[in-house]
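Participant: Any chance you could fold what I've pasted below:
(2 chains)
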Amino acid sequence: MGLLTDELRARIGEQAVYTAPEPVGRASIRYYALAVGDANPLYLDASAAQAAGYSDVIAPPTWITETNQYMTGSRNAEGYMGHGWGIELPNTRLVRGGNSYTFNKAIHPDDIVTATWEIVDATERTTSKGTDMLIVTSSATYTNQRGEVLATNTESLIWTSMGGAA
Amino acid sequence: MSEITVGTVVPALTKTIELTDMIAYAGSTWDWHKLHYDGEYLAQKKIPKPVVDGQIFGAYLVQQLQDWLGPKAFVTALDFRFKNLVFAGETIECTASVTAVEQTPDGTLITVASEVGVVGENARVAAGPCSATVLVRS
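Facilitator: Presented below is the predicted three-dimensional model:
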């Protein structure tokens, strides 16, 4: 044990807020839809989306769960520029545990998205094989310029000890 | 929606994820992590091939349900656990079946249990168990 430090425990409740510098836009929606190979007319054709009761094209719901596009910093040595908590644990391996999303409202091109991240929990345990694990749970709430909640995301990141000298 | 009941099997969705797909996804999500495309970086980390960004499975699970239920459907919740890494060039299959059907004032709420599996030589679970809820507006 020992992966869960007092310093990390004290960070539970810490928030990070990112607001997009511009509206979602149709191009961003179309790029994402084509990148995932989903040419649903709801995402690409305003008249098809209107026929389904929307004011304009909508984004594939998982579009919003990637907040990297709101960042203003520069990329790190691994090429990554998205949100992170800067948790560095020597001699561990980081894997994603999972995601749990709610999609509260359809996302439209004129939405200006704010993502509010929070560290909601940090726990440690030892597996039956004696490997130490640290599980950090974060949540994100995505709102638009009218304060409407568009989606929420709870995700877990798991650091596992690689053994040997800590 | 009367034909959909508990146990109804959702048509599977199959995708072969080429490196080009992964680069397109990395671009569209502004996630430029080298894990997803950079051979030199992967060799240093002793990872055999570029690793698929697991969050794309969420998009596939939505696509499977949206294609099945049509434009009046809206996925309201999605939950998935990652089980194994998926590498460039592999083929995944999303499978799902209905676990609950509920009539609400807004329409029919359908819940499914699903899984993302790698098919072929090294068949394994990529993400699961997964679950999703879809509202089909009446």
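
Participant: C-alpha only now, for contacts and for neighbours.
Facilitator: Will do.

Participant: shaky segments in chain A?
Facilitator: Along chain A, segments meeting pLDDT under 70 span A:1, A:67-69, A:163-166.

Participant: Swap in 50 and give it another go.
Facilitator: A:165-166 (pLDDT under 50).

Participant: Also chain B?
Facilitator: Within chain B, no range satisfies pLDDT under 50.

Participant: Break down it into its strands, ranges please.
Facilitator: B:9-16, B:73-82, B:91-104, B:107-119, B:124-137 (DSSP state E).

Participant: could the ones you listed go into JSON lines alongside distance to chain A?
Facilitator: Formatted as JSON lines, the strands of chain B follow (distance: least, C-alpha to the nearest C-alpha, whole Å):
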{"stretch": "strand B:9-16", "distance to chain A": "9"}
{"stretch": "strand B:73-82", "distance to chain A": "4"}
{"stretch": "strand B:91-104", "distance to chain A": "13"}
{"stretch": "strand B:107-119", "distance to chain A": "13"}
{"stretch": "strand B:124-137", "distance to chain A": "8"}
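
Participant: Of all those strands, which one comes closest to A:Gln145?
Facilitator: strand B:73-82 (20.9 Å; C-alpha to C-alpha).

Participant: Next, the angle from the closest one to strand B:107-119.
Facilitator: Angular relation of strand B:73-82 and strand B:107-119 on a 0 to 180 degree scale: 40 degrees, by axes from the mean of the first three to the mean of the last three C-alpha atoms, to 10 degrees.

Participant: which helices and strands does strand B:73-82 pack with?
Facilitator: strand A:92-103, helix B:56-69, strand B:124-137 (3 or more C-alpha pairs under 8 Å, 6 or more residues apart in numbering or on different chains; DSSP states H and E).

Participant: which residues does B:Ile56 contact?
Facilitator: A:36, B:25 (C-alpha atoms under 8 Å, 6 or more residues apart in numbering or on different chains).
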